Structures are given as structure tokens and as C-alpha cells.
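**Student:** turn this into a structure:
(one chain, ligands or ions: 3)
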Amino acid sequence: MIEVQAFGGFEKPLSYLVPVELLSTIKVGCLVRIPLGNRKVIGIVSSLEPKDKPTENKLKNILSLVQKEPVLNEELIKLARWISIYYASSIDNVLESMIPSAVRDGMVEKTKRFIRINQRIPFEQACEKLKNSPQQKKLLIYLKDSNAELALHETIDLLKIGISSANGLIKKQFILEINKTVRRDAYNDEFTEKNHVEQKISLTKEQCQATKEICNSIQKKKFQPHLLQGVTGSGKTEVYFQAMEEVLSNGGGVLFLVPEVALAPQTVSRLRNRFTVQKENVVVWHSHLSDGERLDAWKAVTSGNAKIVVGARSAIFAPVQNLKLIIIDEEHEPAYKQEESPRYHGRDVAVYRAMLNGGVCLLGSATPSLETLHNVEVKKYAKSVLSKRIDGRELPLVHLIDMRKEAQREKNIPILSQPLVEALRQRYYDREQSILFLNRRGFNTTMLCTDCGHVEQCKDCSISMTFHRTDGYLRCHICGYRKPTPRFCPSCRSIEILKKGHGTQRIEDIAESLLPRRAVIRRIDADLMSKKNAFRQTLEEFRIGKIDILVGTQMIAKGLDFPNVTLVGVIDADLPLRMEDFRASERAFQLLTQVSGRAGRGDRAGEVYVQTYAPHSSSIQFARQGDVEGFVEEEMEMRKEYAYPPFRHLVRHIFKGRSEDKTSFYADQWAKALEANPIENLEVKGPAPAPLEKIKGYYRFHLFYLTNNVTRFLKHYQERRRSFPLDQEVQDIIDVDAFQIS
Ligand code: ADP
Ligand code: ZN
Ligand code: ZN
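**Tutor:** Residues are numbered from 1 along each chain as shown. Ligands and ions are numbered 1, 2, ... in the order given. The predicted model follows:
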């Protein structure tokens with residue numbers, strides 16, 4: 001008798017019997033098909049010894065195995081349990097999201113037919129018997145001459161003969177048929193970077209030191225998170241590679257996570273260039289692959305054939321064997337947080353998984369998250385530093401363009417300022433490349449003074465307030481505080497108050513109209529990502545110089561390394577500052593530093609033009625000077641004052657429903673119940689309407705909880721929640737360590 005955790009909304013495992021023929025193959029972690037009522041569902045074998053044994057005669061047999069081998073090992077099942085508890089997600093939901101859909105669907109590997117001559121049958125004798133079958137004879141002679149294993153279909157196409165001739169020969173056993181599995185390898189095609197062989201380089205002093213410190217952790221064979229803080233262009237990747245070699249040479253497996261799918265191809269080709277000579281398979285793992293590619297990646301990993309997996313967030317669940325090193329590149333990126341259930345943070349899951357394996361979790365960034373820096377501070381994480389760019393290359397020169405002055409100069413506020421346009425033209429004439437960077441469109445307008453850069457903030461929450469067109473009020477979306485929008489700027493009394501946004505398409509058009517006709521301008525955005533190879537093709541064209549100016553959002557802000565880029569223009573440096581989020585300055589600082597890092601990575605020095613309404617804001621000033629320490633010190637101070645993360649955990653509680661009144665009513669009732677019977681050591685803020693008040697017809701209200709201990713809080717919360725009757729038409733969602741406040 002076994003226990004199966006069924007998928008699709010089943011909290012508790014169910015008991016089943018195993019038919020005799022499957023007894024020897026059933027293991028914990030196997031994916032099985034089971035009867036449930038009159039349905040068939042799939043689930044994971046969670047135990048071979050159920051705790052409570054129901055009466056035998058009621059039990060049913062499992063129907064079949066979906067995959068012959070277990071799809072999850074004990075380690076991943078443990079990880080799933082932790083995620084389910086810490087992120088308050090149902091266990092079946094977590095398990096399901098760990099397994100690629102191609103695997104869940106029971107897809108099998110693709111095989112291909114090969115043929116070769118059967119040596120056991122004398123050739124003359126066979127020819128004699130084929131006197132009256134000229135086509136079969138032709139194929140036989142061809143195979144004899146080539147004396148090799150050939151792909152069946154390619155061969156008969158070449159000889160212009162029919163499949164029946166081949167089948168006839170196989171039947172007579174004159175030739176042998178071999179079925180081989182073919183691997184569908186992602187990114188092993190024409191878009192892969194060419195002529196970019198990774199030469200052996202000698203490490204810089206700092207790289208040596210960092211490598212030594214990290215390898216030290218690895219050799220201890222104990223759990224250790226390790227921050228590698230290195231300015232952009234300081235050669236962090238090389239240090240990752242050194243750590244990987246240390247682990248691989250001892251038979252360990254490696255997981256390499258990048259924040260965006262967009263960054264996977266570049267990393268994959270660098271890894272392949274480096275590790276295929278050492279006969280290591282590098283496997284790609286993320287949600288944009290075809291089912292076939294995913295299945296083959298999965299097979300290669302579970303069979304132990306591949307010890308290196310590269311991918312975006314979901315790759316953290318790749319069943320890498322003997323996993324001893326997890327690398328999280330750009331660990332500060334919010335993209336590591338999954339914004340649908342299970343709402344886990346890829347970096348934090350990585351740290352926990354490293355702990356389960358007694359391995360090292362290497363977190364790399366030029367601008368580490370305050371959470372990680374705090375963990376270094378309290379000595380949970382070790383830290384190594386790369387303070388200099390390779391070859392002593394300078395950090396780019398950062399020019400701040402004060403858009404308030406630009407606004408005075410012209411009637412309409414220009415989207416591309418004069419100095420930026422002139423710099424773009426100059427690069428074009430000098431045959432150098434530029435990047436124009438645009439923040440993701442702000443979804444909400446805040447009140448911005450174009451004269452002094454003032455942004456109105458909530459007096460209690462230290463976040464920007466949102467302007468609501470419907471009633472003309474400013475609202476705080478954390479605590480619900482509201483007030484009428486002032487008619488003039490409270491700081492400088494100007495009446496020039498503005499709300500505006502613009503997309504990549506628009507920037508592309510404007511740049512085209514302002515630059516010489518022959519300049520090639522292309523944009524990279526979410527639309528492009530949806531077309532399979534368009535994104536990689538554009539990047540490759542940019543790399544080889546076919547494109548002069550690349551316009552894009554945060555996708556191009558990090559990681560990419562283009563030596564001929566000497567100019568980066570940041571079109572709207574203030575947008576993250578204006579978003580109503582306590583992490584706004586951190587985001588602004590990180591983005592600006594990352595973007596600047598794209599300029600001047602070759603031999604030529606780079607320049608960055610930053611358009612801003614708030615040139616004196618601290619995130620822009622610190623980023624301009626490349627002063628991470630200064631920024632962190634100031635920002636930590638602020639977080640401490642409000643006891644925001646990393647000093648406490650933030651949990652967001654969302655109520656959503658089709659009826660605005662009902663949803664808001666239940667959020668209020670819940671808040672009142674909490675107020676009447678408070679949970680110890682918990683600060684509650686709200687309820688307030690979410691910044692995106694209505695999504696797809698659902699109204700949303702939210703509360704925020706600040707706590708020192710998530711697990712303890714969740715226990716109390718779940719107890720209360722069970723006895724709080726929620727209307728059928730209202731749902732609620734818990735988001736632990738929330739990033740998105742929208
Ligand atoms: P980071 O990730 O820190 O921004 P990269 O790892 O992309 O930096 O390295 C920047 C560039 O420097 C790359 O082109 C890389 O090949 C090169 N590089 C790294 N280490 C060395 C070294 N020791 N000697 C010469 N070039 C190096
Ligand atoms: Zn003002
Ligand atoms: Zn507030």
C-alpha cells in the first residue's frame with residue numbers, strides 16, 4: 001500500500017494499492033495515474049508506508065506509471081514541503097509546479113531509426129537473393145560501401161527509394177535497424193554566438209582571492225551561502241566558473257540561475273564554450289522551451305548525464321544529482337520572485353536547497369539586495385568582493401540631464417533630450433553602438449513636480465502616493481491614507497504638476513525621426529520575447545554590429561556584455577522612484593548601476609546619459625558615483641526606522657472579488673477581527689485598495705503584515721482564517737516576502 005499526493009486541489013495524500021507487475025518499480029517520487037471517483041488524475045508517490053491505513057477492501061489499485069523513473073527525489077520532496085509551509089501554498093500545487101509539463105504529460109523521448117548492414121549474412125549470398133529487387137539491392141550495396149550506421153530516412157531519400165524496400169531488407173535481416181533517442185538541445189543552433197571561444201585567462205588578484213574564499217567553502221562540504229559582490233565588468237562570471245570547476249571535478253552537480261530567460265542564451269554559450277571541452281553537458285531549463293527540449297533536458301539531468309543546468313527561476317527545481325553548488329546571478333533581481341502560486345522567491349529557495357544538500361549557494365551581484373547584505377551583516381552569509389573592473393577599465397562617465405531645465409527650454413517636454421540626441425548622433429558617426437533604456441511603464445501616475453522633482457509621499461509609510469483621476473485624490477496604497485491632490489507643489493509652490501508615461505515603440509519612433517535615415521534602430525520588449533528566436537536574433541545582430549541603437553526595458557539592463565557599446569541613455573530614471581513601493585529607491589539605484597554597467601565594456605570608455613527630474617535624489621547621486629556602500633548605508637537606515645524588510649518580513653494579504661463592495665467589506669471585517677484579537681508581534685497595515693484596483697474584472701484590496709517570524713505568524717493566521725467565514729465570491733491570497741505591491 002502506498003500514499004499518493006494527487007494534483008489538482010488535494011491537500012491530503014490518498015492511499016492506493018500497487019498491482020503486482022508494478023511492485024518492483026514503484027518508488028517514492030514516482031509519477032502515477034490513479035482513479036479518483038470516476039476520474040483519472042495524476043499524483044506523486046509520497047510514501048511507501050502510509051501513516052493511517054484505511055480498511056483494505058475500499059482501496060483501489062493505481063492505474064499506471066507516467067514515467068518509469070521517479071520524477072522527484074527525497075530532497076525535492078523535502079524542499080516542496082518547506083515551500084508549501086513557508087509560502088502558505090498547498091503541497092500539490094508546489095509539487096506540480098516542480099515538474100515540467102512535458103514530464104507530467106507522460107511525454108516520451110523522440111527516437112530516430114538508423115540502419116546498418118548485417119555482417120552475419122554473407123554479402124554475395126544476399127545480393128544473389130535480391131536479384132529481382134533492384135531497389136533493395138541498391139540500398140544493401142550502399143550500406144556495404146559506407147560500412148556505417150546511417151539515418152534511415154535521410155538514406156532512402158538520398159537513394160530515391162521507398163520505405164518499403166528498407167523495411168523488406170530489415171524483415172529479411174540483411175540489414176539491422178537501430179532506434180536511437182535524439183536530444184533536442186536548446187540553443188544549439190545558428191543563433192548561438194560564434195567565434196567567441198573562451199580562452200584561458202589568468203585571474204586578477206581579486207578574482208584569485210574570491211575564488212580561494214569560495215572554494216574554501218566548497219571544500220568544507222558544508223552548507224554555506226556566499227555573496228560575491230563585484231562591480232559591473234569585474235569578472236564575476238570567471239569566478240563562478242572557477243567555483244564550478246572545483247565542484248565538477250569532485251563529481252558534484254551545478255545549478256546556474258539567471259533572472260531572465262532573455263539572459264539564458266548568452267550564459268549558455270559561455271558555459272558551453274568553457275565546459276564542453278571538459279565533456280560536460282550543459283542543459284538549458286526554463287519555461288520558454290518547447291516540450292521536446294524540456295523533456296530531453298529533464299532526461300539528461302535525471303539520468304546524471306548532465307551535471308550543469310542553466311535556467312531562469314523554475315530551474316531551481318531541476319533534479320540535479322549530487323547538487324553542491326547553486327549560482328544565483330544578479331541575486332537582487334525581483335524576477336526571482338514568482339508572482340503566482342506558489343509565490344516562492346527563487347533565491348531564498350536556492351539557499352534552502354543548498355542547505356538540504358550541504359552545498360554552497362553563490363549569490364552574485366554588483367548591487368546586492370538589502371536582504372542579502374543584512375544576512376552578511378549578521379554573519380549568515382559569507383562575502384567576497386571584486387572592487388575593480390577588469391583591466392582597470394573606468395566606470396562610465398555619468399551625465400545627469402536635468403529634465404526640469406529641458407522642460408523650460410521647450411514648450412513640450414521632450415522625451416529624448418537635446419544632449420542625449422547629440423550624443424547618439426555622434427556615436428552613429430563614430431560607428432559605435434548605443435543602448436536606450438526605458439523602465440517598465442509605470443502603471444500608475446504619481447504626482448511629480450517638473451520644477452523641483454518633488455514627489456508627494458504618505459506621511460506614515462514613506463512611499464509615493466498615487467493620483468486617482470476619478471476623484472482627484474492622492475492615496476497611499478499601503479495604509480489607505482488619502483488627501484486631495486494639491487494644486488501646487490508643496491515643496492516649491494510651482495503649479496507644473498505632471499503625470500506621464502511612454503513605451504519602447506514610441507522611443508523607437510522618436511529616435512528614428514531624430515537620427516540619420518541610415519541608422520538602424522531596433523527595440524527589444526515583451527512582444528519580441530513571445531516570438532521564438534526573434535529576441536536572440538536581435539541580440540546577435542546587435543552583437544555583430546548590424547544594429548546601431550538598441551531600445552529596451554530592464555531585459556537589456558543586466559548581464560549582457562557588448563564591447564562596442566559606448567553610450568547608454570536612461571530615458572526615465574525616476575520611474576521606479578515614483579512607484580508606490582518602499583523598495584523604490586533600491587530599484588532605481590540597482591537599475592541605474594546595472595544599466596551604466598552596459599557601457600564601456602570594451603577598450604573604449606563609456607558614457608551614460610541619465611534623464612531625470614530629480615538629479616539630487618540620493619539613489620541617482622549614489623548610482624552616479626558608483627557608491628554602493630553609501631547608498632546601502634542610507635537605505636538601511638530608512639528601512640530600520642520603519643522596520644521594513646530586511647529588518648522584518650513583509651507578508652501581503654490580498655482580497656479579490658467581482659463585487660467591489662463585498663470585497664472591501666470582507667477585507668474590513670478581517671482587519672477588524674484582527675484588531676479585536678491581535679496577533680502577538682505583528683504590525684498590520686491597511687486594508688487599502690491595491691494600486692491596480694481592478695484586474696480582469698476583479699477588485700482587489702490588501703493588507704500588509706510585518707513580522708519577525710513568518711512561520712509563527714502563518715500558524716496564527718491560518719488558525720484565524722479557518723474560523724473566518726469568507727463569502728464564496730471573495731478569494732484571498734497570501735504573498736510571503738512580497739515584492740510586488742501592485
Ligand atoms: P561581470 O559579470 O562582473 O559584470 P563579466 O564576468 O561579464 O563581468 O566580465 C567582463 C569581461 O571581462 C568579460 O568579457 C570577461 O571575458 C572578461 N574577463 C573576466 N576575467 C578576466 C581576466 N582575468 N582577464 C581578462 N579578461 C577577463
Ligand atoms: Zn516643486
Ligand atoms: Zn500610508
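
**Student:** name the nearest residue to whichever residue of the stretch 601-742 of the chain sits closest to ligand 2, ignoring sequence neighbours.
**Tutor:** The stretch 601-742 of the chain approaches ligand 2 most closely through Tyr613 (9.7 Å), counting by CB to the ion. (Each C-beta comes from the backbone N, C-alpha and C, glycine too.) Spatially, and ignoring its direct neighbours in sequence, Tyr613 is nearest to Gly453 (4.4 Å; CB to CB, 6 or more residues apart in numbering).

**Student:** and the one you found, that one's in a helix?
**Tutor:** No. Counting by DSSP: H, G, I helix; E, B strand; the rest coil, Gly453 falls outside a helix, being coil.

**Student:** now do the lengthiest helix in the chain: which elements does it pack against?
**Tutor:** Longest helix of the chain, by residue count under DSSP state H: helix 660-676. If contacts are counted by 3 or more CB pairs under 8 Å, 6 or more residues apart in numbering; DSSP states H and E, helix 660-676 sits against strand 649-657, strand 682-695, strand 698-707, strand 730-736.

**Student:** how about those strands in CSV, adding distance to ligand 2, mean pLDDT and mean neighbour count?
**Tutor:** Compiled in CSV, the helices and strands packed on helix 660-676 are given as follows (distance: least, CB to the ion, whole Å; pLDDT from 0 to 100; neighbours: other CB atoms under 10 Å):
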stretch, distance to ligand 2, mean pLDDT, mean neighbour count
strand 649-657, 31, 95, 22
strand 682-695, 23, 85, 18
strand 698-707, 29, 93, 22
strand 730-736, 35, 96, 19
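
**Student:** just put those strands in JSON lines and tack on distance to ligand 3.
**Tutor:** Listed next are those as JSON lines, based on distance: least, CB to the ion, whole Å:
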{"stretch": "strand 649-657", "distance to ligand 3": "14"}
{"stretch": "strand 682-695", "distance to ligand 3": "7"}
{"stretch": "strand 698-707", "distance to ligand 3": "10"}
{"stretch": "strand 730-736", "distance to ligand 3": "18"}
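
**Student:** now these as a markdown table including distance to Met555?
**Tutor:** Formatted as a markdown table, those follow (distance: least, CB to CB, whole Å):
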| stretch | distance to Met555 |
| --- | --- |
| strand 649-657 | 25 |
| strand 682-695 | 22 |
| strand 698-707 | 27 |
| strand 730-736 | 24 |
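
**Student:** for Trp394, which three-state class applies?
**Tutor:** One correction, residue 394 is Glu, not Trp. Three-state assignment for Glu394 (three-state DSSP): coil.

**Student:** what about it, how many neighbours?
**Tutor:** Per other CB atoms under 10 Å, the neighbour tally for Glu394 reads 11.

**Student:** and it, what pLDDT?
**Tutor:** Glu394 is assigned 75 on the pLDDT scale.

**Student:** now Ile121
**Tutor:** pLDDT, Ile121: 85.

**Student:** so which bits of the protein are right by ligand 1?
**Tutor:** 201, 203-204, 207, 230, 232-238, 390, 561 (CB under 6 Å from any ligand atom).

**Student:** quick one: which of those is nearest to Tyr344?
**Tutor:** Proximity of the residues of the chain next to ligand 1 to Tyr344 (CB to CB) peaks at Lys236, which lies at 24.6 Å.

**Student:** which residues touch that closest one?
**Tutor:** Applying CB atoms under 8 Å, 6 or more residues apart in numbering to Lys236 gives the contacts 228, 230, 329, 364, 386.

**Student:** the residue of the stretch 601-742 of the chain closest to ligand 2 and Met403 touch, don't they?
**Tutor:** Yes. Using CB atoms under 8 Å, Tyr613 makes contact with Met403 at a distance of 5.0 Å.

**Student:** list residues touching both of the two?
**Tutor:** Jointly contacting Tyr613 and Met403 under the rule CB under 8 Å, 6+ apart are Thr450.
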